[in-house]
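Enquirer: Next come a sequence and a model predicted from it.
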Amino acid sequence: MCGIVGYVGRQNATPILLEGLHRLAYRGYDSSGIALAKAGKLSVHKAKGKVRALESSLPKRISGTTGIAHTRWATHGEPSDRNAHPHVDPAGRIAVVHNGIVENASGLRRVLEADGAEFESDTDTEVLAHMIARSGAPKLEDAVRDVLQKVEGAYGIAVVSADEPDTIVVARNGSPVVLGVGEHEMFVASDASALVRHTSQVIYLDDGEMAVVARNGYQTSTLDAVPTDKTPTTVQSQGDAHDRGDYAHFMRKEIAEQPEAVTRMLQGRLDQRFMSAHFGGLNLEPRALLDISRVKILGCGSAFISGSNGAQIIEQLARIPTSAEPASEFRYRNPVIERDTLYIAVSQSGETLDTMMAVQEIKRKGGRVLGVINVVGSTIARLCDGGVYLHAGPEIAVVSTKTFTSTLVAFALLGLYLGRIRDLSPSAGRRLIDGLQKLPGQIEEILAGEAHIKAVAEKYANSRDMFFIGRALGFPVALEGALKLKEVSYIHAEAYPASELKHGPLALICPETPTVAILPRDDLFEKNVSSVEEVRARKGPLIAITHDGELPVVVDDRIDVPRTEPELDPILMGIPLQLLAYHSAVALNRDVDQPRNLAKSVTVE
Ligand code: F6R
């Protein structure tokens, strides 16, 4: 989703801003732009499409030591040069970049138009530029503050002015803004990953906070002008996460990183003494956990799907009634919040607005929320009462792969921990720990079989529709397999519980519509085989994701994964489906890392 970068210092801002834009590209965007403040004037350049298009449209000599830049993901108005940020006032003296949505933009725009204002774009952001220019306040900081008092909605903004060319004013309400502290230079971004190459010292603004950023420092305050005291925190270097290395795509690289990601997830978390799991940050004593009579898991997209798996795992291992719900639905239905329910929010980015609003709703009503989150220090992580970090490393491809797998491992650990506080036996705990420890090596084995999975993907890549079926723990695997395939290959893919096939979707099974069946050799194997027979009888091509050994039903293709404990099957069975989606997309020549219309971090409603 939209990204902001800013720089004020002694160096030429242009290469720093462009490099920051490249780093933010993974969030998904449709246009980009840059504004430099120099010697009392602004130079603003924008282009639809990739950052490369912006780079090649820039004049040869463009410099300035203060600037802001943006990658836009369209909300108000189509993707175009005109609608790209930064937006300026009519005199071209104020430039604004903005993430989020100004909800009362059309009302504010009408008022300005009635007063003679003319707009160049269809965006809500241009309204802000006009209002700041008209504010009449002597300083940029005060003008921005005045305007934000009139604005409703969620935003992260950065503003520069030709009249104060050594300053950037930023503000945050619902959409992240991070400051980076350097030596006689300061950085601004919507995502710390755009800063880490330059500094490890960052300041996360809180909602309702703004900052005046200059080369030698920053001042933070509330939107009501009350000074706030913020000290920098240290963020870890993200190594070569933004470098694809020899991989053709980040998605493929991140699939390959899963053995290490799972190893990191397990590190220090297996309790061999009590056959349980360790968590450093739950902030809940076992006694409090004993009082829990229900668990509710919330997330969006793949995070919700991983939560559906987590719900089954926790219910099975800890015998606590557990359910999962899309956070985007939960937040709108005035949910009943119970004292003895443990709420768990899942989010890779920790910035998804729907999930954040669900957490805020729970907390407002006095509920307790744990986070299962990848990005350390992210908004949702800071809102939660405690939680589990995935430590999967930055995920750059828009679609989630390694963080999905790590989340499943997190839920297996949570299930083990909650189970061992209750009635799960030490021997069952031992069995799970042994299974968990083998996972990284088993994922390596699956990855080693990539050539076969690629051949299967290429065989079916021209299908118009595909089904994914699975039962119980296999159903979230099917859901994720279908989501991955549709996201990156644009093949229409639907997931169904295998048991539901005969209640409708069988009508669509035909020789042109392949079905991927999740077929672990667990207690439900025979039942799943019956569902596969139903597809076979309608001449639907079949791809089985299964374990070694003869199958009692004929399938067209099979992909075997190593055997593990039944509770851990989804972790391994999801991996070939990621490769299936990836190779289908490559065969169809899709933009794998930035699929159309998708954004990495969905910070709008
Ligand atoms: C799917 C995908 C999305 C995200 C969803 C939630 O591949 O990436 O469905 O899972 O937008 O994002 P987070 O986990 O950042 O809250």
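Expert: Structure received.
Enquirer: For the ligand, what's the nearest residue on the stretch 501-605 of the chain?
Expert: Proximity to the ligand, evaluated over the stretch 501-605 of the chain using C-beta to the nearest ligand atom, is greatest for V602 at 4.8 Å. In short, each C-beta sits where N, CA and C put it, glycine included.
Enquirer: Could you list which residues are in contact with the closest residue to that residue other than its chain neighbours?
Expert: Closest residue to V602 apart from its sequence neighbours, by C-beta to C-beta, 6 or more residues apart in numbering: T352 at 5.3 Å. T352 sits next to 299-300, 303, 327, 380, 601-603 when contact means C-beta atoms under 8 Å, 6 or more residues apart in numbering.
Enquirer: any chance of those in TSV, with neighbour count, secondary structure and pLDDT too?
Expert: Putting those into TSV (neighbours: other C-beta atoms under 10 Å; DSSP: H, G, I helix; E, B strand; the rest coil; pLDDT from 0 to 100) gives the following:
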residue	neighbour count	secondary structure	pLDDT
G299	31	strand	98
C300	20	coil	97
A303	27	helix	98
A327	28	helix	96
I380	27	helix	93
S601	27	coil	73
V602	21	coil	76
T603	27	coil	72
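Enquirer: returning to that earlier point: the residue of the stretch 501-605 of the chain closest to the ligand is in contact with T355, isn't it?
Expert: No - look at V602 against T355 with C-beta atoms under 8 Å: they stay out of range, at 9.1 Å.
Enquirer: Mutual contacts of these two, please.
Expert: Common neighbours of V602 and T355, using C-beta under 8 Å, 6+ apart, are C300.
Enquirer: Can you classify R172 by secondary structure?
Expert: Classification of R172 using DSSP: H, G, I helix; E, B strand; the rest coil returns strand.
Enquirer: ok, how many other residues are close to it?
Expert: R172 has 25 neighbouring residues, counting by other C-beta atoms under 10 Å.
Enquirer: quick one, what contacts the closest residue to E338 other than its chain neighbours?
Expert: Leaving out its chain neighbours, the residue that sits closest to E338 by C-beta to C-beta, 6+ apart is R294, at 6.6 Å. Taking C-beta under 8 Å, 6+ apart, we find R294 in contact with 320-322, 338, 340-342.
Enquirer: List buried residues within the residues you listed.
Expert: 320, 322, 341-342 (16 or more other C-beta atoms under 10 Å).
Enquirer: Secondary structure, distance to the ligand and pLDDT for these - can I get that in JSON lines?
Expert: As requested, the buried ones among the contacts of R294 are arranged in JSON lines below (DSSP: H, G, I helix; E, B strand; the rest coil; distance: C-beta to the nearest ligand atom, whole Å; pLDDT from 0 to 100):
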{"residue": "I320", "secondary structure": "coil", "distance to the ligand": "24", "pLDDT": "98"}
{"residue": "T322", "secondary structure": "strand", "distance to the ligand": "19", "pLDDT": "98"}
{"residue": "T341", "secondary structure": "strand", "distance to the ligand": "21", "pLDDT": "98"}
{"residue": "L342", "secondary structure": "strand", "distance to the ligand": "19", "pLDDT": "98"}
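Enquirer: quick one: which of these is nearest E185?
Expert: Minimum separation from E185 among those (C-beta to C-beta) is found for L342, which lies at 44.4 Å.
Enquirer: Can you tell me how far the closest one is from D115?
Expert: Note on L342: its distance to D115, by C-beta to C-beta, to the nearest Å, is 53 Å.
Enquirer: which ones are touching the residue of the stretch 201-350 of the chain found nearest the ligand?
Expert: Here the stretch 201-350 of the chain gets closest to the ligand at one residue, G301, 1.8 Å apart by C-beta to the nearest ligand atom. Counting by C-beta under 8 Å, 6+ apart, G301 makes contact with 400, 483, 602.
Enquirer: Now do the contacts for S43.
Expert: Contacts of S43 by C-beta under 8 Å, 6+ apart are 35-36, 62, 64.
Enquirer: where along the stretch 251-400 of the chain do the strands fall?
Expert: 270-271, 276-277, 294-299, 322-326, 341-347, 368-373, 386-389 (DSSP state E, counting those that start in this stretch).
Enquirer: now the fifth one and strand 368-373, what's the angle there?
Expert: When you say that, I think you mean strand 341-347. Here the directions of strand 341-347 and strand 368-373 differ by 20 degrees (axes from the mean of the first three to the mean of the last three C-alpha atoms, to 10 degrees).
Enquirer: who does strand 341-347 pair up with?
Expert: strand 294-299 (parallel), strand 368-373 (parallel) (DSSP bridges).
Enquirer: With distance to R10 as extra columns, can I get those in JSON lines?
Expert: Converted to JSON lines, the strands paired with strand 341-347 look like this (distance: least, C-beta to C-beta, whole Å):
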{"stretch": "strand 294-299", "distance to R10": "43"}
{"stretch": "strand 368-373", "distance to R10": "36"}
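Enquirer: closest to A581 out of these?
Expert: Using C-beta to C-beta, these put strand 294-299 closest to A581, at 19.6 Å.
Enquirer: Using PDB, write out the CA atom coordinates for the closest one.
Expert: Output of strand 294-299 as PDB, limited to C-alpha atoms (Å, rounded to 0.1, in the frame of the first residue of the first chain):
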ATOM      1  CA  ARG A 294     -12.700 -19.300  24.900                       C
ATOM      2  CA  VAL A 295     -10.200 -18.200  22.400                       C
ATOM      3  CA  LYS A 296     -11.000 -15.900  19.400                       C
ATOM      4  CA  ILE A 297      -8.500 -15.400  16.600                       C
ATOM      5  CA  LEU A 298      -8.700 -12.400  14.200                       C
ATOM      6  CA  GLY A 299      -6.800 -11.500  11.100                       C
END
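Enquirer: if we can go back for a sec, tell me which of the contacts of S43 has the lowest pLDDT.
Expert: Minimum pLDDT for those is recorded at I62 (81).
Enquirer: Dihedrals phi and psi, it?
Expert: Dihedral pair for I62: phi -140, psi 120, per degrees, to the nearest 10.
Enquirer: before we move on, back to that, distance check, the residue of the stretch 501-605 of the chain closest to the ligand against L290.
Expert: 36 Å.
Enquirer: part of a strand, is V111?
Expert: No - counting by three-state DSSP, V111 is located in no strand; its state is helix.
Enquirer: Please parse the protein into its domains.
Expert: 3-234, 244-446, 449-592 (automatic domain parsing).
Enquirer: rank those domains by pLDDT, which is bottom?
Expert: Among the domains of the chain, domain 3-234 carries the lowest mean pLDDT (a mean of 92).
Enquirer: got the end-to-end distance for it?
Expert: 21 Å (C-alpha to C-alpha, to the nearest Å).
Enquirer: same thing with stretch 504-515?
Expert: From its first residue to its last, stretch 504-515 covers 15 Å (C-alpha to C-alpha).
Enquirer: do stretch 509-522 as well
Expert: By C-alpha to C-alpha, one end of stretch 509-522 lies 26 Å from the other end.
Enquirer: neighbours of the closest residue to A162 other than its chain neighbours, just the number please.
Expert: Spatial nearest neighbour of A162, excluding adjacent residues (C-beta to C-beta, 6+ apart): R93 at 4.3 Å. By other C-beta under 10 Å, the residues close to R93 number 18.
Enquirer: rewinding a little: between the strands of the stretch 251-400 of the chain, which one is nearest to L58?
Expert: Here strand 341-347 is closest among these (C-beta to C-beta), at 35.5 Å.
Enquirer: could you give the angle of the closest one to strand 322-326?
Expert: Using the same axes, to 10 degrees: strand 341-347 against strand 322-326 is 40 degrees.
Enquirer: which residues sit against strand 341-347?
Expert: 284, 289, 292-300, 303-304, 306-307, 310, 327, 337, 355, 358-359, 362, 367-374, 378, 380, 384, 387, 407, 414.
Enquirer: ok, back up a step: what's the closest of the strands of the stretch 251-400 of the chain to L128?
Expert: Evaluated over these, closeness to L128 peaks at strand 341-347, with 27.8 Å, by C-beta to C-beta.
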